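**Student:** Okay, here's the prediction I keep looking at, along with the sequence it came from:
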Amino acid sequence: MPAPLDEKVLRVFGEAAVDKKLARYEVVSRLPRFIAEYLISKYYHLDPTNWAEKVARVVEEYYPDPKDRERVLSKAIRVGEIKLIDEFEVYVDLKLGVYFLRIPNLQINDALIERGLVSKYERLFTGVWGIGVLDYRPELVDVAKINKWGRVPTPLELVEFEPFQVYNVSVEEFTDRRQFFTTGEWVDLLVKSIGLNPAMYSPRQKLLLLTRLVPLIESNVNLLELGPRATGKTYLYRNVSYYTRIYAGGTISAARLFYDARLRIFGDIGTRDAVIFDEISRVRLSNPDEIVAKLKDYMVDGHFERAQLKRAHSTCSLVFSGNVELIDYGVPGDIVGYLPQFMRDTAFLDRIHGLLPGWELPKILQSDVHLAYGYGLSVDYLSEVLHRMRIVSFETLVDQHFELSGSYTIRDEKAVKKVLSGLLKLLLPHREFNRTELDSVARIAVELRQQVADTLSRLSPAEFPRRRLDIKVRG
């Protein structure tokens, strides 16, 4: 029999709910979780008995392993078309007046796409997962030569497309449905929805876990998390939202981050809801002076410039994530020692809104113990809700119900309000609450900024003397 919370989730959210244990099946393990749950939900509701076989066939046939690239391209030549699951992305070449298509799984950056699909699915400009039919059209090479494009496209054209991402999401319905849950139930529902078992976390740890979602629901939030390996830092951002880009080490260029002057296209900061710098100790910047300077400017007000792009604005949040060793359970070593050199700059660190103490979170080790089971919100649905709620303002609510006290700087004040707004959107989106609920959320927001203030003081005690931040709930 379903647990009482499972019954309520099914009753209130209907098809937006999914059994989280199903997403662990091997047949969908290669897919991002938001795509896996989309397919599971679709086929499970159609055929609860044979859904796994149908999903397995779809994944095997249409989502090839990258090592099978040549086999897939060969099929395009032999058959004349191929059908693929991938994250398709369109970019514009203004000089040629052409839309080019990126197909990551085939390592192709210059296929073509029918213009009608671009008009119908404008989100292709930022990348959309779906299933597409690509025609093999060798005559496109001749078209490029005749029109003197100066580049030869890959002779594949996307002619049919079915997006996998949920479009019929109503933020109003989502917020209205919050009233049917207690705050404790709602927190557990969100934890289950991101794929984890709420029974394995204390109330405080659950709030810390959900704080990871703040950059996805609140615009222009800069968050730093340090914690041991295997606590789910990367897993969450890779699997809970399709509006993120993760840099897992490696070298990062200004073109990839901000603006590619050669192609005249925005980088990830200009097109994503959040950019995650994973394992920050291993991050390498191709031109550190330029990139760090631009990051510092961007982290103040969301504006950036590069080359002929004089001034642009983005709502993209930034997340910096790093691993630390514990000297005792829940006690990290020297925090500063785990930061890369560019983040030890106090001007850079002061622009971080909160330092999340990931060292307090337990490791995720056993799937049957630590991962979610029972019903939660499907990740594709949750991802779209988080994305759409970024434009919802809770600024008035924050100003009405909270009073900051202590030695706040302007950046401290902005940081606490940003994190607090994001947490309120997550936990109390219906704007109904009591004083205790507001107080627990407020304490987390202040604590995260206090961690930043304390680290700044350790780096430069003369410039940043010790200060204490506090907050009061009004009324």
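**Tutor:** Done, it's in. Residues are numbered from 1 along each chain as shown.

**Student:** Then residue 72 would be within a strand, right?
**Tutor:** No - read with DSSP: H, G, I helix; E, B strand; the rest coil, residue 72 is helix and lies in no strand.

**Student:** got a pLDDT number for it?
**Tutor:** Per-residue confidence (pLDDT) for residue 72: 95.

**Student:** looking at it, it is touching residue 64, isn't it?
**Tutor:** Yes - Residue 72 is within contact range of residue 64, at 5.2 Å (criterion: C-beta atoms under 8 Å). (Glycine included, C-beta is placed from N, CA and C.)

**Student:** what's the overlap in contacts for those two?
**Tutor:** residue 84 (C-beta atoms under 8 Å, 6 or more residues apart in numbering).

**Student:** From the geometric centre of the chain, which residue sits farthest away?
**Tutor:** residue 146 (42.4 Å; C-alpha atoms, centre = their mean).

**Student:** How much space separates that one from residue 10?
**Tutor:** 58 Å (C-beta to C-beta, to the nearest Å).

**Student:** cool, residue 76 as well?
**Tutor:** 43 Å.

**Student:** repeat for residue 224
**Tutor:** Residue 224 is 37 Å from residue 10, by C-beta to C-beta.

**Student:** Could you check the pLDDT of residue 167?
**Tutor:** Taking residue 167 on its own, its pLDDT is 59.

**Student:** er, residue 58 I mean
**Tutor:** 90.

**Student:** Just give me the longest helix of this structure.
**Tutor:** Longest helix in the chain by number of residues (criterion: DSSP state H): helix 435-459.

**Student:** Buried ones in that one, by neighbour count?
**Tutor:** Going by neighbour count (16 or more other C-beta atoms under 10 Å), the buried part of helix 435-459 is 438, 440-442, 444-457, 459.

**Student:** Stretch 39-46 too?
**Tutor:** Applying 16+ other C-beta under 10 Å to stretch 39-46 flags 39, 40, 41, 42, 43, 44 as buried.

**Student:** these two touch, right, the second one and residue 22?
**Tutor:** Which is residue 40. Yes - at 5.1 Å, residue 40 counts as touching residue 22 under the criterion of C-beta under 8 Å.

**Student:** and residue 404, which of the three is it?
**Tutor:** strand.

**Student:** okay but it is in contact with residue 471, surely?
**Tutor:** Yes - between residue 404 and residue 471 there is a contact under C-beta under 8 Å: 5.6 Å.

**Student:** neighbour count winner among those two?
**Tutor:** residue 471 (21 against 17; other C-beta atoms under 10 Å).

**Student:** which stretches of the stretch 201-350 of the chain form strands?
**Tutor:** Secondary structure of the stretch 201-350 of the chain by DSSP state E, counting those that start in this stretch: the strands cover 222-227, 244-252, 259-260, 265-266, 274-285, 303-306, 309-313, 317-323, 326-328, 331-332.

**Student:** okay if I get those strands as a markdown table plus mean pLDDT and distance to residue 109?
**Tutor:** Output for those, formatted as a markdown table (pLDDT from 0 to 100; distance: least, C-beta to C-beta, whole Å):
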| stretch | mean pLDDT | distance to residue 109 |
| --- | --- | --- |
| strand 222-227 | 96 | 30 |
| strand 244-252 | 88 | 16 |
| strand 259-260 | 90 | 12 |
| strand 265-266 | 86 | 11 |
| strand 274-285 | 92 | 20 |
| strand 303-306 | 93 | 21 |
| strand 309-313 | 89 | 21 |
| strand 317-323 | 96 | 25 |
| strand 326-328 | 83 | 42 |
| strand 331-332 | 81 | 41 |
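
**Student:** Make CSV from those strands and add mean neighbour count to it.
**Tutor:** Converted to CSV, the strands of the stretch 201-350 of the chain look like this (neighbours: other C-beta atoms under 10 Å):
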stretch, mean neighbour count
strand 222-227, 24
strand 244-252, 16
strand 259-260, 20
strand 265-266, 19
strand 274-285, 20
strand 303-306, 17
strand 309-313, 12
strand 317-323, 23
strand 326-328, 10
strand 331-332, 14
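
**Student:** Quick one, which of the ones you listed gets closest to residue 346.
**Tutor:** strand 222-227 (13.7 Å; C-beta to C-beta).

**Student:** contact partners of the closest one?
**Tutor:** 211-212, 214-215, 233, 299, 317-324, 332, 335, 338, 343, 351-361, 419, 448, 452.

**Student:** Give me the sheet partners of it and which way each runs.
**Tutor:** Next to strand 222-227 in the sheet, as set by DSSP bridges, lie strand 317-323 (parallel), strand 354-357 (parallel).

**Student:** Let me have these in JSON lines, extended by distance to residue 292.
**Tutor:** Output for these, formatted as JSON lines (distance: least, C-beta to C-beta, whole Å):
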{"stretch": "strand 317-323", "distance to residue 292": "12"}
{"stretch": "strand 354-357", "distance to residue 292": "19"}
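
**Student:** one step back: can you pull the pLDDT of the residue farthest from the centre of the chain?
**Tutor:** For residue 146, pLDDT reads 78.
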